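Peer 1: Need coordinates for the below:
(4 chains)
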Number of protein chains: 2
Amino acid sequence: MATEHDHGTIWTLPAPAGRKPRYTREQIADAALRIADQEGFDAVTMKRIAAELGAGTMTLYYYVRNKTDVVALMQDAILAEALVPGEDLRQSWRDAMAAIARRSRQVLMAHPWSLSSLNEAQFGPNAMRHFEQSLAAAASTGLAAPARLELIAVVDDYVAGNALHAIEALTRAKLAEADPDMVAAAVSYGIAQLESGDFPQLSAIYAEGAGSEEPAGPPMTETALTDQFERGLLALLDGLAARLRLS
Amino acid sequence: MATEHDHGTIWTLPAPAGRKPRYTREQIADAALRIADQEGFDAVTMKRIAAELGAGTMTLYYYVRNKTDVVALMQDAILAEALVPGEDLRQSWRDAMAAIARRSRQVLMAHPWSLSSLNEAQFGPNAMRHFEQSLAAAASTGLAAPARLELIAVVDDYVAGNALHAIEALTRAKLAEADPDMVAAAVSYGIAQLESGDFPQLSAIYAEGAGSEEPAGPPMTETALTDQFERGLLALLDGLAARLRLS
DNA sequence: GATCTTATTCGTACGTGATACGAACAGAGT
DNA sequence: ACTCTGTTCGTATCACGTACGAATAAGATC
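Peer 2: Sure, this is the predicted structure:
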């Protein structure tokens, strides 16, 4: 009874194109994207988006059914950025997939909210293009379809997980430099825990790092994280190539 | 001016333990966890948690500073479930890390909200224990500390990403069986896109799958996803072992 | 045991967000 | 000029997080 016109995704619903709409879904998505990038995802509110467009809040509901539709639009807009230039796909499957992986990660990290706001992400047009590119990259493996899909999925898993963790790390680092007291508190708490004796491994690492200047933790700079990603990616591709008997 | 008592994480703030508090942070976390698992993360509201405990809404704020504290408590409670029995750590580094990875994934998937709700996740006591276990697993590699950390991080990336995607897939599958119309709409939309000719790879896959009974998409059952995870994990470990010159 | 202190509980109020509803407005076809 | 209905948006409702301060009661002091 509640949700009758609630069917499907925005992609299946025709956008208003009749007489003379003042806006388009693209404009809405762009406005939302702009706000998210500049002021954070939480700042993306229907009112704020409307204001950005110079429209009344409720006007947006003529173009979308609800806010999750807007988010879907945003997600898909991002995926457009994740597309690689066609030349990259004509390399070996390994280089092509690596190129896609690198670019995807870049885009994800450029929009930190993208991964944390993925309520059942819709499969929009740019998602299809992105997927098509991955298939093209994997085409030269000569693998059967299921294996090809699996290859893509596994690499995607790694990319998403790495982006997620990298975003977390960088966010934390940013917060930390804004509020040094917090770091101090966290560190002293950690040390106190270590002294319980329940963390021999951690204690060893901490003691080891005490000599050098490094803060004895995982790397926190963007380049360090990217280098780590790169090494992991290559290792993963190695392993997959071997298991799938690829050259 | 705004946030002066806002320092640090809950872990650094002492829990009320003076005269006779009627509740504990653990009870609050448990109640919240129960609600999240049964009714979804969105159902976890301060009022709802309080009701679950038979307390007034604002009572919670005596134990916690804000809702993100509650979420941090929930995250840490989950990590307790992710700890593996000690025996698992005394195997080869490969088996030990695989055991941790498998268990972590299980737990993440058992609480689908955990990954989508990670505003800068706090590093609580169980996070430390979890990390300690990973370090113990990686200890027998004989690698230097940085390499050990990287090994753990890369595997964790894959685990998180896979769990994320698996959760998405299963959620979508669940929604789909509840509303078959949506699937039909999505499929017809997809086919229409294919006919534009812009998706040769996808079209090929679709045509190939048209003969068999499979819906020509990525696997959607939990066991299929778990099997895929397993194969990817082994491949990743292969690749890492080779790159790090481990046996 | 009566009284006091303050730890602990919680009712009320405010600000914000999503969005249902329906009125106001305007462009196109007659 | 008039009508039809596509398009815009003001108002109202409900849910949420939480600031503030009042109400309550546990334990210390006498």
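Peer 1: Every contact and neighbour count from this point should use C-alpha atoms.
Peer 2: Noted.
Peer 1: mind listing what's buried in the top helix by length along chain A?
Peer 2: Counting residues, the longest helix in chain A under DSSP state H turns out to be helix A:145-178. Buried residues in helix A:145-178, counting neighbours by 16 or more other Cα atoms under 10 Å in any protein chain shown, are found at A:145, A:148-170, A:172.
Peer 1: does any bit of the least confident helix or strand in chain A by mean pLDDT sit next to chain B?
Peer 2: When each helix and strand of chain A is scored by mean pLDDT, DSSP states H and E, helix A:200-211 comes last, with a mean of 88. Yes: judged by Cα under 8 Å from any Cα of the partner chain, helix A:200-211 comes into contact with chain B at A:200-202, A:205.
Peer 1: Can you name the next helix or strand after that helix?
Peer 2: Using DSSP states H and E, the helix or strand that follows helix A:200-211 towards the C-terminus is helix A:222-243.
Peer 1: Would you mind getting the angle between that following helix and helix A:145-178?
Peer 2: 160 degrees (axes from the mean of the first three to the mean of the last three Cα atoms, to 10 degrees).
Peer 1: name the helices or strands packed onto helix A:222-243?
Peer 2: helix A:145-178, helix B:145-178, helix B:222-243 (3 or more Cα pairs under 8 Å, 6 or more residues apart in numbering or on different chains; DSSP states H and E).
Peer 1: what's the closest of those to A:Asp88?
Peer 2: helix A:145-178 (16.0 Å; Cα to Cα).
Peer 1: is whichever helix or strand comes after that closest one up against chain B anywhere?
Peer 2: Sequence order places helix A:180-194 as the next helix or strand after helix A:145-178, per DSSP H and E. Yes: Helix A:180-194 is in contact with chain B by Cα under 8 Å from any Cα, via A:181-183, A:185-186, A:189.
Peer 1: The host helix or strand of A:Asp69 vs DNA strand C: in contact?
Peer 2: Taking DSSP H and E as the criterion, A:Asp69 maps to helix A:67-81. Yes: if you take Cα under 7 Å from any atom of the strand as the test, helix A:67-81 does meet DNA strand C, through A:67-68.
Peer 1: and after that helix, which helix or strand comes next?
Peer 2: helix A:93-110.
Peer 1: next one: the longest helix of chain A to chain centre, how far?
Peer 2: 7 Å (Cα atoms, centre = their mean, to the nearest Å).
Peer 1: Contact residues of chain A facing DNA strand C?
Peer 2: A:19-20, A:43-47, A:57-58, A:65-68.
Peer 1: wait, which of those is closest to A:Pro125?
Peer 2: Using Cα to Cα, the residues of chain A next to DNA strand C come closest to A:Pro125 at A:Thr68, 16.7 Å.
Peer 1: Roughly how far does A:Leu151 sit from chain B?
Peer 2: 8 Å (Cα to the nearest Cα, to the nearest Å).
Peer 1: list the contacts for that residue?
Peer 2: For A:Leu151, the contact set (Cα atoms under 8 Å, 6 or more residues apart in numbering or on different chains) comprises A:138, A:240.
Peer 1: One more: A:Ala139?
Peer 2: Counted by Cα under 8 Å, 6+ apart, A:Ala139 has contacts A:93, A:148.
Peer 1: my guess is A:His165 meets B:Val155, correct?
Peer 2: No: applying Cα atoms under 8 Å as the test, A:His165 and B:Val155 come out as separate, 11.5 Å apart.
Peer 1: Skip the chain neighbours and tell me the closest residue to A:Arg94.
Peer 2: Excluding its sequence neighbours, the residue lying closest to A:Arg94 (Cα to Cα, 6 or more residues apart in numbering or on different chains) is A:Leu237, at 7.2 Å.
Peer 1: Tell me how many other residues crowd the one you found.
Peer 2: As a burial measure, A:Leu237 scores 24 neighbours (other Cα atoms under 10 Å in any protein chain shown).
Peer 1: swap in the one 3 residues further on?
Peer 2: Summarising burial for A:Leu240: neighbours were counted as other Cα under 10 Å, giving 24.
Peer 1: okay, the nearest residue to it once chain neighbours are set aside: pLDDT?
Peer 2: Distances taken as Cα to Cα, 6+ apart place B:Ala235 nearest to A:Leu240, at 5.2 Å, with adjacent residues excluded. The predicted structure scores B:Ala235 at 98 on the pLDDT scale.
Peer 1: likewise A:Leu225?
Peer 2: 97.
Peer 1: Does it touch A:Ala166 like I think?
Peer 2: Yes: the pair A:Leu225 and A:Ala166 qualifies as a contact (Cα under 8 Å) at a distance of 6.5 Å.
Peer 1: which ones are touching A:Gly161?
Peer 2: B:156-162, B:164.
Peer 1: give me that answer again for 7 Å
Peer 2: B:157-158, B:160-161 (Cα atoms under 7 Å, 6 or more residues apart in numbering or on different chains).
Peer 1: so which of these comes closest to A:Ala32?
Peer 2: Nearest to A:Ala32 among the contacts of A:Gly161, with distances taken as Cα to Cα, is B:Gly161, at 25.8 Å.
Peer 1: now that closest one, nearest residue through space, not along the chain?
Peer 2: Per Cα to Cα, 6+ apart, closest to B:Gly161 is A:Gly161, 3.7 Å.
Peer 1: low pLDDT regions in chain A?
Peer 2: Chain A contains residues with pLDDT under 70 at A:1-7, A:211-219, A:247.
Peer 1: Show me which residues of it sit near chain B.
Peer 2: Within chain A, the positions near chain B by Cα under 7 Å from any Cα of the partner chain are A:7-8, A:12, A:116-118, A:120, A:132, A:135-136, A:145, A:149, A:154, A:157-158, A:160-162, A:165, A:168, A:171-172, A:182, A:185-186, A:189, A:199, A:201-202, A:205, A:218, A:232, A:235-236, A:238-240, A:243.
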